[in-house]
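Chemist: Sequence first, predicted coordinates after that:
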Amino acid sequence: MSILEIRDLQVAVEDKEILRGVNLTVKSGQTHAIMGPNGSGKSTLAYAIAGHPKYTITGGQVLLDGADLLDMSVDERARAGLFLAMQYPVEVPGVSVSNFLRSAVTSVRGEAPKLREFAKDLKGGMDALSIDPAFAQRNLNEGFSGGEKKRHEILQMELLKPKIAVLDETDSGLDVDALRVVSEGINRFRASGETGVLLITHYTRILRYVQPDFVHVFAGGRIVEEGGPELAEKLEAEGYEQYTKATA
């Protein structure tokens with residue numbers, strides 16, 4: 001079993017404090033939903049864990065199976081088993097989807113997968129996510145729609161098989177069909193029970209497809225309420241105003 005432990009995490013951006021002491025534990029087999037209004041610190045949590053240089057850690061620890069991720073470089077965090085699906089996946093001109101994914105798998109595993117095995121896994125993953133096979137030879141995310149970019153993030157996750165996956169607003173900009181396909185990919189990934197998922201979202205609609213075990217409400221850079229799936233239903237009915245007023 002793998003465990004991600006976030007202990008009293010404090011993060012600043014350009015000397016402005018964003019996260020003010022976040023405590024959270026995610027174990028294999030668990031799906032945790034982080035919800036909250038815009039500007040509450042949800043995405044800051046994701047990028048700080050992943051090691052984005054814009055975010056300065058001013059206190060706390062982030063442990064994955066006992067090792068402090070904050071002492072690691074970005075690539076070391078990936079090899080340790082952390083994965084981040086970004087809200088806005090970047091375009092990489094000149095690098096094909098296939099080459100990027102094989103390089104990523106090689107980097108994480110420490111050895112290149114056999115071509116035949118990789119090609120089989122890639123085709124199976126693309127078929128499951130309704131991705132046109134021709135996309136394997138296109139430049140990564142270049143000219144892709146929002147839904148196509150998000151499907152490729154999930155494809156990358158499924159091929160890398162991380163211990164903990166942090167999904168930052170994966171539902172953002174998706175139409176109903178793309179949301180269903182992406183959600184099915186997340187559910188396939190977590191079905192083994194050997195991985196943990198931290199799902200960051202502003203809306204409850206993805207939670208109709210991906211059932212969380214725990215829901216955490218972010219406001220003012222902290223977790224201000226925690227519960228089960230019923231908490232998401234409460235947020236759908238009542239919104240975030242009660243939390244934003246309390247932290248103003």
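Modeler: Happy to help now that I have it. Numbers count the residues shown, from 1 in each chain.
Chemist: ok, and the closest non-adjacent residue to the residue nearest the centre of the chain?
Modeler: Central residue of the chain (C-alpha atoms, centre = their mean): Leu167, 1.8 Å from the mean position. Nearest in space to Leu167, with sequence neighbours left out and distances taken as C-beta to C-beta, 6 or more residues apart in numbering, is Ala85 at 4.6 Å. The way it works is simple: take the backbone N, C-alpha and C, and place the C-beta from them, glycine included.
Chemist: my guess is that neighbour contacts Ile164, does it?
Modeler: No: the pair Ala85 / Ile164 is not scored as a contact, 11.8 Å apart, by C-beta atoms under 8 Å.
Chemist: Show me the helices in this structure, by range?
Modeler: Listed in chain order, the helices of the chain (DSSP state H) span 42-50, 74-80, 97-109, 115-128, 146-160, 176-190, 229-238, 241-247.
Chemist: So which of the ones you listed is the most surrounded?
Modeler: Most buried of those, by mean neighbour count (mean count of other C-beta atoms under 10 Å): helix 42-50, with a mean of 23.
Chemist: For that one, name the packing helices and strands.
Modeler: strand 3-13, strand 16-27, strand 31-35, strand 56-64, helix 74-80, strand 82-85, strand 164-168, strand 196-201 (3 or more C-beta pairs under 8 Å, 6 or more residues apart in numbering; DSSP states H and E).
Chemist: and that helix, C-alpha only, in PDB?
Modeler: Extracted C-alpha coordinates of helix 42-50, given in PDB (Å, rounded to 0.1, in the frame of the first residue of the first chain):
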ATOM      1  CA  LYS A  42      -6.800  23.900  -4.900                       C
ATOM      2  CA  SER A  43      -4.500  24.100  -7.900                       C
ATOM      3  CA  THR A  44      -1.700  25.600  -5.800                       C
ATOM      4  CA  LEU A  45      -1.800  22.300  -3.800                       C
ATOM      5  CA  ALA A  46      -1.400  20.200  -7.000                       C
ATOM      6  CA  TYR A  47       1.500  22.200  -8.400                       C
ATOM      7  CA  ALA A  48       3.300  22.600  -5.100                       C
ATOM      8  CA  ILE A  49       3.200  18.800  -4.700                       C
ATOM      9  CA  ALA A  50       4.500  18.300  -8.200                       C
END
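Chemist: how big is the angle separating that helix from strand 31-35?
Modeler: Relative orientation of helix 42-50 versus strand 31-35 (axes from the mean of the first three to the mean of the last three C-alpha atoms, to 10 degrees): 130 degrees.
Chemist: for this structure, where's the lowest mean pLDDT among helices and strands?
Modeler: helix 241-247 (a mean of 77; mean pLDDT, DSSP states H and E).
Chemist: packing partners for that one?
Modeler: Using 3+ C-beta pairs under 8 Å, 6+ apart as the contact criterion, the elements in contact with helix 241-247 are strand 214-219, strand 222-227.
Chemist: Columns mean pLDDT on top of those, output as JSON lines?
Modeler: Converted to JSON lines, the helices and strands packed on helix 241-247 look like this (pLDDT from 0 to 100):
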{"stretch": "strand 214-219", "mean pLDDT": "96"}
{"stretch": "strand 222-227", "mean pLDDT": "96"}
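Chemist: could I get the ones you listed as JSON lines with distance to Glu236 and mean neighbour count?
Modeler: Formatted as JSON lines, the helices and strands packed on helix 241-247 follow (distance: least, C-beta to C-beta, whole Å; neighbours: other C-beta atoms under 10 Å):
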{"stretch": "strand 214-219", "distance to Glu236": "11", "mean neighbour count": "23"}
{"stretch": "strand 222-227", "distance to Glu236": "13", "mean neighbour count": "16"}
